[in-house]
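Enquirer: The sequence isn't on hand, but the structure is:
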Ligand SMILES: [Zn+2]
Ligand SMILES: [Zn+2]
């Protein structure tokens, strides 16, 4: 008997405003207006000078409201709806909307385009180097951590039980997108030479490549999935995946390694996690700063609006930073593309493990 895999995907509700029948005739040609955006009030020595959000907010504050080319607007909602037990987001949540920028003071200096670009390039370079370094060591790191954790928490029992089947397998998944990890266990019964019934343990942990991009996430996702395995294999708890027994294992993990030189103080097994996913494309609401991330360029700001109730703000792409978008390109999208939006994949910013 094997239990179903943990951590089923959750489906988000979709909000659609039906297209108006007159949408075709209402398309307006964008007018080319000269619009002067005043220089940033920040000095180069201030962080805000280099901040993309600050820059975007400033430009937006001084830009004229663009007419909507389409009447078909999709309301986007990227809230964390994984919090079903009403405990609120846990402290590891990093998907909060950014805070509103402070009131700007007058200050004449403008960041030169090359300086901004250089800063951006440097930032991307550093991020890429970090990712590469993490990717190179993550397999060994994961294996080492699991061994240390199991030794400290259960005297190595989880790994021992799985020895006959090649140990606890740790794999990286490209397709796992809405949950950071998944533990799978299967008990195979067999008779040994003496005729006694025995169990062969097949245990594996799958990790989401796109979500786990640093040590903190790796440690905590592995610890969480380890607790599932310990729960199945040692405690023999096969129902209530995140019940009292699971939570006890979680506390043991935290306690057992609290003085460890590498992992000490870094373990916190929760039943809900919200990790900010490093999306390739990110849009931000100009009204409430809620961000919407996608792995592909599937949001069209001309057709989609912020889904925050009482906001309905305009969306602007903030990652990658759009370069020299001509007003023509920015204007109304051909009606032929409309059905594409009906298929926009809803992706969660948060997920349960
Ligand atoms: Zn909004
Ligand atoms: Zn879980």
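Expert: Happy to help now that I have it. Because the structure is a prediction, the values reported are computed rather than measured. Numbers count the residues shown, from 1 in each chain. Ligands and ions are numbered 1, 2, ... in the order given.

Enquirer: and the residue of the stretch 51-200 of the chain found nearest ligand 2, what helix or strand is that in?
Expert: When distances are taken as CB to the ion, the stretch 51-200 of the chain reaches nearest to ligand 2 at residue 183, 7.0 Å away. To be clear about C-beta, it is placed using only N, CA and C from the backbone, and glycine gets the same treatment. Assigned by DSSP states H and E, residue 183 belongs to strand 181-191.

Enquirer: Quick check: buried residues in the helix or strand hosting residue 160?
Expert: Secondary structure assigned from DSSP H and E places residue 160 in helix 157-161. Neighbour-count burial for helix 157-161 flags 158-159, 161 (criterion: 16 or more other CB atoms under 10 Å).

Enquirer: Could you export these as CSV, including distance to residue 211?
Expert: Converted to CSV, these look like this (distance: CB to CB, whole Å):
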residue, distance to residue 211
158, 23
159, 25
161, 28
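
Enquirer: for these, which one is nearest residue 292?
Expert: Residue 292 lies nearest to residue 158 out of the buried residues of helix 157-161, by CB to CB, at 39.0 Å.

Enquirer: Report the contact partners of residue 222.
Expert: Each residue near residue 222 by CB atoms under 8 Å, 6 or more residues apart in numbering is listed here: 142, 145-146, 149, 170, 181, 205, 207.

Enquirer: Point out the least confident one among those residues.
Expert: Of all these, residue 181 has the smallest pLDDT value, namely 93.

Enquirer: In what element of secondary structure is the residue nearest to that residue when sequence neighbours are not counted found?
Expert: The spatially closest residue to residue 181, leaving aside those adjacent along the chain, is residue 221, at 4.1 Å (CB to CB, 6 or more residues apart in numbering). Counting by DSSP H and E, the element that carries residue 221 is helix 215-233.

Enquirer: Also residue 198?
Expert: strand 197-208.

Enquirer: So which bits of that strand are buried?
Expert: Those would be 201-208, for strand 197-208 by 16+ other CB under 10 Å.

Enquirer: cool, and stretch 168-188?
Expert: 168, 170, 173, 176-185, 187.

Enquirer: try stretch 122-142
Expert: Result for stretch 122-142 [16+ other CB under 10 Å]: buried residues 134, 138, 141-142.

Enquirer: ok, and of the buried residues of strand 197-208, which contact ligand 2?
Expert: The subset of the buried residues of strand 197-208 within reach of ligand 2, by CB under 5 Å from the ion, is empty.

Enquirer: could you measure residue 323 against ligand 2, distance?
Expert: For residue 323, the distance to ligand 2 equals 42 Å [CB to the ion, to the nearest Å].

Enquirer: residues in contact with the residue nearest to residue 266 when sequence neighbours are not counted?
Expert: Of all residues not flanking residue 266 in the chain, residue 219 sits nearest, at 5.5 Å (CB to CB, 6+ apart). By CB under 8 Å, 6+ apart, residue 219 lies in contact with 145, 263, 266-267.

Enquirer: And residue 219, how close does it get to residue 146?
Expert: Distance, residue 219 to residue 146, by CB to CB, to the nearest Å: 10 Å.

Enquirer: Ok, residue 283 next?
Expert: On the measure of CB to CB, residue 283 and residue 146 end up 37 Å apart.

Enquirer: The spatially closest residue to residue 320 that is not a sequence neighbour: neighbouring residues, count only.
Expert: Closest residue in space to residue 320, ignoring its immediate chain neighbours: residue 281 at 7.4 Å, by CB to CB, 6+ apart. Neighbour count for residue 281, taken as other CB atoms under 10 Å: 16.

Enquirer: Thought residue 300 was touching residue 281, still the case?
Expert: No: counting by CB atoms under 8 Å, residue 281 stays clear of residue 300, with 11.2 Å between them.

Enquirer: Now name the helix or strand holding residue 259.
Expert: Going by DSSP H and E, residue 259 is not in any helix or strand.
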